[in-house]
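here are the coordinates; sequence isn't available:
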């Protein structure tokens, strides 16, 4: 029983990180109807900015204050993501209002390569470390309840708490604030939102900025665990099944979908993997997403798809 709970907790912590990345997809799709394939590149770009700004700030401070260097780097990387958001809105989205979905999808693929190229040019292409002081050692808990206790990775636990806190704050922000209500109006109908005075361009900048900050936090967490390298851009591929499962238009769906995928991956690898030679964790999420596409394409919390003829 203890091992099952340990695996379950590990899956929940991994699932919160998936939810964090998936949230970027959902926010941008709700606001602009764009499936943002550039979300992975945004994670990479933000992580590169954080790593390099921290390194440069620490050198400028004489190497005496890593905490201050990280704070400066975080705000510097957030400013970089604001620049990305403004640039995308000013030179891309503003020109493509009411265009076909396929056109917008291809545009986000182009943004992906642009961000990867600029990131490599400005920040370099080596593997960088992000040291934000997160503990690396595991801890054994609940020894009195389970024989041998439950092994929990401190870094994963703290990362999951940060992800859960950010997801909760964003949910409140978009449900309870005027910006959130404007976002929902824009998501329903761009032209109707414009007709009642909602500044569409400003909303798009805000949403892309929020998605950029989400990408920054995800990049810091993943970069702290694995190092900042160009394979980080593929982290968005792990979030695709999450948005398919939860629904492209649902913030709660991104959370629940991430938790289901995270738990499903861990439990299937441990309990089913030995029967089939292992490796289930790699493809489990995509098979589950395929099943949902066949039987419930809108996802668990997505809006029902209605085809008018």
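Nice, I can see it. Fair warning: this is a prediction, and the values are worked out from it, not measured in the lab.

Longest helix in the chain, please.
As assigned by DSSP state H, the longest helix anywhere in the chain is helix 2-32.

which residues of the stretch 151-300 of the chain score low on pLDDT?
Counting by pLDDT under 70, the stretch 151-300 of the chain contains low-confidence ranges at 187-190.

what about the helices in the chain?
Remark: helices assigned in the chain by DSSP H are 2-32, 39-60, 66-91, 101-123, 154-176, 178-188, 190-195, 200-226, 235-246, 251-271, 273-276, 280-295.

Who are the packing partners of the shortest one?
Yep, that's helix 273-276 we're talking about. The contact analysis (3 or more Cβ pairs under 8 Å, 6 or more residues apart in numbering; DSSP states H and E) places helix 273-276 against no helix or strand. No exception for glycine: its C-beta is placed from N, CA and C like everyone else's.

How about that helix, which residues are buried there?
Neighbour counts over helix 273-276 (16 or more other Cβ atoms under 10 Å) mark no residue as buried.

Over to the last one?
Within helix 280-295, the residues that qualify as buried are 280, 281, 284, 285, 288, 289, 292, counting by 16+ other Cβ under 10 Å.

Next up, the contacts around the first one.
Spelled out, it's residue 280. For residue 280, the contact set (Cβ atoms under 8 Å, 6 or more residues apart in numbering) comprises 265, 268, 269, 272, 273.

Most neighbours among these, which one is it?
Of all these, the highest neighbour tally under other Cβ atoms under 10 Å goes to residue 265, namely 24 neighbours.

Give the closest residue to it in space, chain neighbours not counted.
For residue 265, ignoring the flanking residues on the chain, the nearest one in space by Cβ to Cβ, 6 or more residues apart in numbering is residue 281 at 4.7 Å.

do residue 34 as well
For residue 34, ignoring the flanking residues on the chain, the nearest one in space by Cβ to Cβ, 6+ apart is residue 104 at 4.5 Å.

who's in contact with the one you found?
Under the criterion of Cβ under 8 Å, 6+ apart, the contact list for residue 104 reads 32, 33, 34, 35, 96.

which residues touch residue 245?
253, 256, 257, 260, 261, 288, 289, 292, 299, 300.

gap between the residue nearest to the fifth one when sequence neighbours are not counted and residue 232?
Of all residues not flanking residue 261 in the chain, residue 285 sits nearest, at 4.7 Å (Cβ to Cβ, 6+ apart). Between residue 285 and residue 232 the distance, using Cβ to Cβ, to the nearest Å, works out to 18 Å.
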